[in-house]
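J.: pasting the sequence and the predicted coordinates here, then a few questions.
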Amino acid sequence: MSLVTIAVAGDGAEADSIVRTLAAAGIGARLEGLDGGMPHDGPCRVLVESDLLAAAQEALLDDAEDDDI
């Protein structure tokens, strides 16, 4: 399976929040620094398997809607 970017987090805290949301939906995620290496304390990509992209998008949308309530 190939990995695709589901989100770009501004920092580690935001990335952790996204990863937790995806994990709660049963979706594993990986972090990658914007330079393609290991993430540091700055912006990073959140990656998921390409076949889980739609489910991951749905999980993040559902979480965003819950935050708006």
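T.: The structure has been received and is ready for your questions. Numbering: from 1, shown residues only.
J.: give me the mean pLDDT for stretch 9-21.
T.: Averaging pLDDT along stretch 9-21 yields 93.
J.: return the set of buried residues in it.
T.: Across stretch 9-21, burial judged by 16 or more other CB atoms under 10 Å covers Ala9, Ala15, Ile18, Val19, Thr21. To be clear about C-beta, it is placed using only N, CA and C from the backbone, and glycine gets the same treatment.
J.: ok, Val46 touching Leu3?
T.: No. Val46 lies out of contact with Leu3 (CB atoms under 8 Å); the separation is 10.0 Å.
J.: spatially nearest residue to the residue nearest in space to the middle of the chain, not counting backbone neighbours?
T.: Centroid-nearest residue in the chain, with CA atoms, centre = their mean: Val46, separated by 3.8 Å. Distances taken as CB to CB, 6 or more residues apart in numbering put Ala7 closest to Val46, at 4.5 Å, once the chain neighbours are dropped.
J.: name the SS class of the residue nearest to the centre of the chain, please.
T.: Here Val46 is recorded as strand under DSSP: H, G, I helix; E, B strand; the rest coil.
J.: check the gap between Asp62 and Met1 for me.
T.: 23 Å (CB to CB, to the nearest Å).
J.: in this protein, which spans are strands?
T.: Applying DSSP state E to the chain gives strands spanning 3-9, 30-33, 44-49.
J.: TSV for these, including distance to Gln57?
T.: Shown next, in TSV, are the strands of the chain (distance: least, CB to CB, whole Å):
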stretch	distance to Gln57
strand 3-9	7
strand 30-33	16
strand 44-49	9
